[in-house]
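Colleague: What follows is a predicted protein model with its sequence.
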Amino acid sequence: MCLLFALSDTSKVSQQDLQRLLLMVSSEFGRTQRDGFGFALGDANSPTPYIERYAKPTDFMGPGRLAQHLQEAGWMGKYALHGDWEQSGDWSKLKHTGPLIVHGRTATSGVALKNTHPFHKNGWTLAHNGVVQWHGPKLPLESTCDSEHLLNCYTSLQGPASFGTCITGWFATLAIDPAGMLRVAKCAMTDLYFAWSPKWQTYVFSTNAPWLVNVSTMLSLDCTRPLALEPYVELTLKGNDCAGALPFDPPRVNSRYSAQAERALGKPVYDADDAEPSESTPKRSRSRKSKSKSKPKRARGKSLSRDESFKQITDATRDQYQQQRQLLLEELDGWGVQFDQEELDRMSNSELKLALIEASDPDSIPMQNAV
């Protein structure tokens, strides 16, 4: 499943705390989200949000860092080998205000920068978890990601009011509108939780309630208990105030894409206005088998079992996590910070990143070993 995280208002959050938060979120998202990482942050100095996107999540070493490293390298910077990424704005000149939205991606379409969230078009910025199919008028697309259809609903149609007639599928969306307000919407099948942080004076949103609690604990945010967000109501937040609550019609569900949606959401999906499946509901796999009897089977190569596929994904994720860990340890060693083995066994990558921030000047983390 893709993962979402958001703050409704960052005006009471220091830039260093935002840096710590983004490092922690990217590290935790990177455990499972291997196909992209990005965030958007309201900027009082610009009519558009500050945006960073990385097709390879391990390229992210802190907001503004990669661009800063390349700049510090002078004319040689343009010859540095690095992955697909982009930065819209200057982190060092950023005057953050308004909402923050963060996205970790598990791809259901091609892995590329153009398919990495958040998407930005005509003043709107959007991140999405789920799978949708388009049935509306033909509109321009800049990616091959289905999420752009939801962005087009905002830029060219009537936002969630268009979902019922123009899309089928499942979704949870976080968007920043041209006025700099946060827009939140979801269907009944997707998870999205919120809590209040009295320390940062902001609402905190996440697709995972236990993870939201962990972030609150690690950053001492003292968040209230996470609550599930009501489906089929678009909430508009101006800072921490409600600027609108618009109910909208549920979109239809296309069972042909159920397997794809289950991968995106990380749990089973079902039809009939998202009603709970009953014991009498036939299993989807059986219905597929019965249909396949009437059609000739296509020749296919050797397919992997579910366990073998899961092992491949797990091994790749573990390799990326260990690669990032080694880079962090080398950075820490460059600052003269070392841990004994017992401490290292207890520390996650996010804790190592926080140790790196504390050991260095937040504006001048050295470039060596950065990827």
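Modeller: Noted; the coordinates are in hand.

Colleague: List the residues that contact residue 153.
Modeller: For residue 153, the contacting residues are 136, 159, 160, 162, 163, 166, 167, by Cβ atoms under 8 Å, 6 or more residues apart in numbering. Where C-beta positions appear, they are placed from N, C-alpha and C, glycine not excepted.

Colleague: 7 Å - rerun?
Modeller: Neighbour list for residue 153: 159, 162, 163, 166 [criterion: Cβ atoms under 7 Å, 6 or more residues apart in numbering].

Colleague: just residue 89 next, same as before
Modeller: Counting by Cβ under 7 Å, 6+ apart, residue 89 has contacts 43, 46, 50, 51.

Colleague: For residue 248, see how far away residue 204 is.
Modeller: Residue 204 is 24 Å from residue 248, where distance means Cβ to Cβ, to the nearest Å.

Colleague: no wait, residue 57
Modeller: 32 Å.

Colleague: So these two - more neighbours on which side?
Modeller: A count of neighbours by other Cβ atoms under 10 Å puts residue 57 above the other of residue 57 and residue 248, at 23 against 17.

Colleague: In the sheet, which residues pair with the nearest residue to that one once chain neighbours are set aside? Tell me.
Modeller: Of all residues not flanking residue 57 in the chain, residue 37 sits nearest, at 3.9 Å (Cβ to Cβ, 6 or more residues apart in numbering). Per DSSP bridges, the residues bridged to residue 37 are residue 54, residue 104.

Colleague: can you check residue 85 too?
Modeller: Bridge pairing for residue 85 - DSSP bridges - gives residue 54.

Colleague: try residue 133
Modeller: Under the criterion used (DSSP bridges), residue 133 bridges to residue 168.

Colleague: what do you get for residue 197?
Modeller: Under the criterion used (DSSP bridges), residue 197 bridges to residue 202.

Colleague: which ones are touching it?
Modeller: 204, 216, 221, 222, 223.

Colleague: Of the contacts of residue 89, grab the buried ones for ChimeraX.
Modeller: A single ChimeraX command selects the buried members of the contacts of residue 89 (16 or more other Cβ atoms under 10 Å):
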select :43,50,51
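
Colleague: Okay, and which of the contacts of residue 89 map to strands?
Modeller: Applying DSSP state E to these, the entries found in strands are 43, 50, 51.

Colleague: Output the residues you listed in CSV, with distance to residue 149 and pLDDT appended to each entry.
Modeller: Below are the ones in strands among the contacts of residue 89 laid out as CSV (distance: Cβ to Cβ, whole Å; pLDDT from 0 to 100):
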residue, distance to residue 149, pLDDT
43, 27, 86
50, 25, 95
51, 20, 95
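
Colleague: which one among the residues you listed gets closest to residue 242?
Modeller: Within the ones in strands among the contacts of residue 89, the smallest distance to residue 242 is 23.3 Å, found for residue 43 (Cβ to Cβ).

Colleague: right, and that closest one touches residue 15 too?
Modeller: No. The pair residue 43 and residue 15 does not pass the contact test of Cβ atoms under 7 Å, sitting 11.7 Å apart.

Colleague: check which helix or strand covers residue 98.
Modeller: strand 96-104 (DSSP states H and E).

Colleague: what's the following helix or strand after that strand?
Modeller: strand 119-121.

Colleague: which stretches of the chain have low pLDDT?
Modeller: Within the chain, the ranges that satisfy pLDDT under 70 run 81-83, 254-321, 350, 357, 360-371.

Colleague: can you list the domains in it?
Modeller: 3-247, 303-371 (automatic domain parsing).

Colleague: Which stretch among the ones you listed is buried most, on average?
Modeller: Of the domains of the chain, the one with the most neighbours on average (mean count of other Cβ atoms under 10 Å) is domain 3-247, at a mean of 19.

Colleague: starting at the chain centroid, how far to that domain?
Modeller: In terms of Cα atoms, centre = their mean, to the nearest Å, the centre of domain 3-247 is set 6 Å apart from its chain centre.

Colleague: Could you measure from residue 253 over to residue 158?
Modeller: Distance from residue 253 to residue 158, by Cβ to Cβ: 21 Å.

Colleague: scratch that, residue 42 is what I was asking about
Modeller: With the distance defined as Cβ to Cβ, residue 42 ends up 24 Å from residue 158.

Colleague: do residue 32 as well
Modeller: Between residue 32 and residue 158 the computed distance is 34 Å (Cβ to Cβ).
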